[in-house]
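Q: just coords:
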Ligand SMILES: Nc1ncnc2c1ncn2[C@@H]1O[C@H](COP(=O)(O)OP(=O)(O)OP(=O)(O)O)[C@@H](O)[C@H]1O
Ligand SMILES: Cc1ncsc1CCO
Ligand SMILES: [Mg+2]
């Protein structure tokens, strides 16, 4: 053993696969290129190979790894690991039980275990520090490397559950690498999202196969991966992210920017909302396009100042929604997500969870039912798309909003008489191993209020149209503007318009018309110093 187990760098963990080598490259040459450019740990994983050949290969790779002072882990084959004196072994849930592995390999060898569930973490915690040194947390996304996957992809949320279980069980010795379907397009996002709820733990690294093994230029591919890991900042929209005091001057500036940039807001929204949403978008100086066509999402996402409102009230097919998220994330354009009726049925919950795992959202907006159930603060199913009617106080709503913002690293908005807005974006920063240190209760949260306006909740799609307004504001602000300010401006503008409309209307029908007029008027006057809505920063 040349390594102190505690000093192992898990950040970029290369797992080999000789079945995917590009022409003219060998396993040896690919691993060498990886090591020269920032791979910190190597696992030899050969599924269909004679023992004699495996040993020969392992000895060769071991020599190479030693040159770079990088540990070599052997997959599955404890006998091979022992025979060559490897630095570690990696075993799966269906392989030899960990206590037996430890007995065979002795105390110094690194033992890695594939883990996907909380109860597996509880088991390793009971074994204590002498057993498992690190876990491969996965499968995060589906992957072609595993031919017959036994587990459904867990998504970043599943990885967060595992990190939480490690914290809850005080397994502080155990390191973690994310595994499964990780590629340059999603690595930053996964690292950004995967933080335990107490803020103390993030993934220690990522493990991957094809992006290095199958790369025509494995050196360049590794360099690129190394950059992503070392970057520590995920700009999921091309905007500055910070949370400052919001003043009427700020509202004015946001409205000015929306006016001059006139964003194109693609709506994938429910049938009830389509017409009104398009009119609201026009009223606030923006251009709507209602489109659920898979083929055009990339083109639309590339338009300057585009934004996507993704409302799952009555939904486009899953593959269309996924493609839209991929496109807007790729172009770093904002997405506002409205998970309408999130917990009304199991089907809706699964659909929304699938989308939440698939990408990064600038803002997640919901009513009290949606936000409470997203935050897992209620197990009660929603009655259709209705807001929560049970007992809740503002403190609980603030907590739920913060939990949603923190969990999804987003700006969360919870609507009702009081609207709550929490910023869980951390300015796009991410951390390896230690996490940001803050938990949901520590993140910025404001509440806005303009008295009780029950009629706002009594017309359909009023929440959906707040979603349109937010999308106009986050799409319309100039690069390097503050996203949180843009969201707050939209919510304050909308509430002010609701108040004004409620004083002018004669009932629900005319309220709708008055709301459009008021939005148009307030937006175009742009005199926020006269707006009646108040904002309070919560501690
Ligand atoms: N009692 C109330 N007082 C003041 N404003 C309210 C009240 N109820 C709702 N609102 C406002 O009405 C808008 C819609 O909020 P609501 O919570 O009803 O959304 P929603 O249920 O998602 O709407 P929908 O699904 O019908 O689109 C928000 O802008 C919110 O601030
Ligand atoms: C009524 C309704 N049903 C699905 S979406 C929607 C609009 C309000 O959320
Ligand atoms: Mg409502």
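A: Perfect, I can see it now. From a predicted model like this one, the values you see are computed outputs, not experimental measurements. Ligands and ions are numbered 1, 2, ... in the order given.
Q: For the stretch 351-500 of the chain, which segments are assigned as helices?
A: According to DSSP state H, counting those that start in this stretch, the stretch 351-500 of the chain carries its helices in the segments 368-374, 394-407, 454-457, 462-476, 483-504.
Q: Could you list every helix and strand in contact with the last one?
A: It stands for helix 483-504. helix 248-261, strand 411-415, strand 419-423, strand 445-449, helix 454-457, helix 462-476, helix 508-525 (3 or more Cβ pairs under 8 Å, 6 or more residues apart in numbering; DSSP states H and E). (C-beta placed from N, C-alpha, C; glycine too.)
Q: tell me how far that helix is from the chain's mean position?
A: 28 Å (Cα atoms, centre = their mean, to the nearest Å).
Q: what angle sits between it and helix 508-525?
A: When axes from the mean of the first three to the mean of the last three Cα atoms, to 10 degrees is applied, the directions of helix 483-504 and helix 508-525 differ by 130 degrees.
Q: could you give me the average pLDDT of helix 483-504?
A: Helix 483-504 carries an average pLDDT of 97.
Q: On the three-state scheme, the residue in the stretch 101-250 of the chain positioned nearest to ligand 2 is what?
A: Closest to ligand 2 within the stretch 101-250 of the chain is residue 157: 24.0 Å, counting by Cβ to the nearest ligand atom. Three-state call for residue 157 (DSSP: H, G, I helix; E, B strand; the rest coil): helix.
Q: Does it touch residue 352 like I think?
A: No: at 11.4 Å, residue 157 and residue 352 do not qualify as touching, with contact defined as Cβ atoms under 8 Å.
Q: Could you check which of those two has the larger neighbour count?
A: Set residue 157 next to residue 352 and count neighbours by other Cβ atoms under 10 Å: residue 352 wins out with 25 against 15.
Q: how near is the more buried one to residue 29?
A: As judged by Cβ to Cβ, to the nearest Å, residue 352 and residue 29 stand 45 Å apart.
Q: List the contacts of the nearest residue to residue 84 once chain neighbours are set aside.
A: Closest residue in space to residue 84, ignoring its immediate chain neighbours: residue 58 at 5.1 Å, by Cβ to Cβ, 6 or more residues apart in numbering. By Cβ atoms under 8 Å, 6 or more residues apart in numbering, the residues touching residue 58 are 44, 72, 74, 80, 84, 86.
Q: Residue 438 too?
A: Each residue near residue 438 by Cβ under 8 Å, 6+ apart is listed here: 199, 426.
Q: again, but for residue 20
A: When contacts are counted by Cβ under 8 Å, 6+ apart, residue 20 touches 209, 210, 213, 214.
Q: what residues are up against residue 255?
A: 285, 489, 493, 523, 526, 528.
Q: Could you check how many residues crowd around the closest residue to ligand 2 within the stretch 301-450 of the chain?
A: When scored by Cβ to the nearest ligand atom, the stretch 301-450 of the chain has residue 313 as its residue closest to ligand 2, at 2.7 Å. Neighbours of residue 313 under the rule other Cβ under 10 Å: 20.
Q: that older thread, take the contacts of residue 255 and lay them out in CSV including distance to residue 225.
A: As requested, the contacts of residue 255 are exported to CSV (distance: Cβ to Cβ, whole Å):
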residue, distance to residue 225
285, 42
489, 38
493, 43
523, 45
526, 46
528, 46
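Q: which residue ranges form the helices in the stretch 101-250 of the chain?
A: Along the stretch 101-250 of the chain, counting by DSSP H, counting those that start in this stretch, helices occupy 118-127, 155-168, 184-193, 210-213, 218-231, 248-261.
Q: can you redo the ones you listed as TSV with mean pLDDT?
A: Formatted as TSV, the helices of the stretch 101-250 of the chain follow (pLDDT from 0 to 100):
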stretch	mean pLDDT
helix 118-127	97
helix 155-168	97
helix 184-193	94
helix 210-213	96
helix 218-231	96
helix 248-261	95
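Q: Just send the ones you listed back as JSON lines, with distance to ligand 1 too.
A: Below are the helices of the stretch 101-250 of the chain laid out as JSON lines (distance: least, Cβ to the nearest ligand atom, whole Å):
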{"stretch": "helix 118-127", "distance to ligand 1": "32"}
{"stretch": "helix 155-168", "distance to ligand 1": "23"}
{"stretch": "helix 184-193", "distance to ligand 1": "24"}
{"stretch": "helix 210-213", "distance to ligand 1": "40"}
{"stretch": "helix 218-231", "distance to ligand 1": "36"}
{"stretch": "helix 248-261", "distance to ligand 1": "16"}
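Q: Out of those helices, which gets nearest to residue 343?
A: Residue 343 sits nearest to helix 155-168 of all those, at 15.1 Å, using Cβ to Cβ.
Q: which strands and helices sit next to that closest one?
A: helix 118-127, strand 134-137, strand 175-179, helix 184-193, helix 346-358.
Q: again, only using 7 Å
A: Counting by 3 or more Cβ pairs under 7 Å, 6 or more residues apart in numbering; DSSP states H and E, the packing neighbours recorded for helix 155-168 are helix 118-127, helix 346-358.
Q: Make a markdown table out of these and add distance to ligand 2.
A: What follows is the helices and strands packed on helix 155-168, written out as a markdown table (distance: least, Cβ to the nearest ligand atom, whole Å):
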| stretch | distance to ligand 2 |
| --- | --- |
| helix 118-127 | 34 |
| helix 346-358 | 10 |
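Q: wait, isn't residue 310 in contact with residue 334?
A: No: taking Cβ atoms under 7 Å as the definition, residue 310 is not a contact partner of residue 334, at 10.7 Å.
Q: Which of those two has more residues huddled nearby?
A: Between residue 310 and residue 334, counted using other Cβ under 10 Å, the more crowded position is residue 334 (33 against 25).
Q: got a list of what the more buried one touches?
A: Counting by Cβ atoms under 7 Å, 6 or more residues apart in numbering, residue 334 makes contact with 237, 307, 362, 474, 475.
Q: what's the closest of the residues you listed to residue 119?
A: Looking across the contacts of residue 334 and measuring by Cβ to Cβ, the closest to residue 119 is residue 362, at 34.8 Å.
Q: what about the closest one, how many neighbours?
A: Look at residue 362: counted by other Cβ under 10 Å, it has 27 neighbours.
Q: Please give me every residue in contact with it.
A: Counted by Cβ under 7 Å, 6+ apart, residue 362 has contacts 237, 334, 335, 336, 410, 411, 474, 483.
Q: mind checking how far the residue lying closest to it once chain neighbours are set aside is from residue 236?
A: Counting by Cβ to Cβ, 6+ apart, residue 362 lies nearest to residue 334, which is 3.9 Å off, once chain neighbours are set aside. Distance, residue 334 to residue 236, using Cβ to Cβ: 8 Å.
Q: next one: residue 487
A: Distance from residue 487 to residue 236, by Cβ to Cβ: 14 Å.
Q: Among those two, which residue is more densely surrounded?
A: The neighbour count for residue 487 versus residue 236, taken as other Cβ under 10 Å, is higher for residue 487 (30 against 25).
Q: thinking that one is in contact with residue 470, fair?
A: Yes: with contact defined as Cβ under 7 Å, residue 487 counts as touching residue 470 (5.6 Å).
Q: if we can go back for a sec, can you redo the helices and strands packed on helix 483-504 as a markdown table, where the extra columns are distance to ligand 2?
A: Converted to a markdown table, the helices and strands packed on helix 483-504 look like this (distance: least, Cβ to the nearest ligand atom, whole Å):
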| stretch | distance to ligand 2 |
| --- | --- |
| helix 248-261 | 24 |
| strand 411-415 | 11 |
| strand 419-423 | 16 |
| strand 445-449 | 21 |
| helix 454-457 | 11 |
| helix 462-476 | 5 |
| helix 508-525 | 13 |
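Q: I'd like the ones you listed as CSV, with distance to residue 186 appended.
A: Shown next, in CSV, are those (distance: least, Cβ to Cβ, whole Å):
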stretch, distance to residue 186
helix 248-261, 29
strand 411-415, 21
strand 419-423, 23
strand 445-449, 28
helix 454-457, 37
helix 462-476, 22
helix 508-525, 37
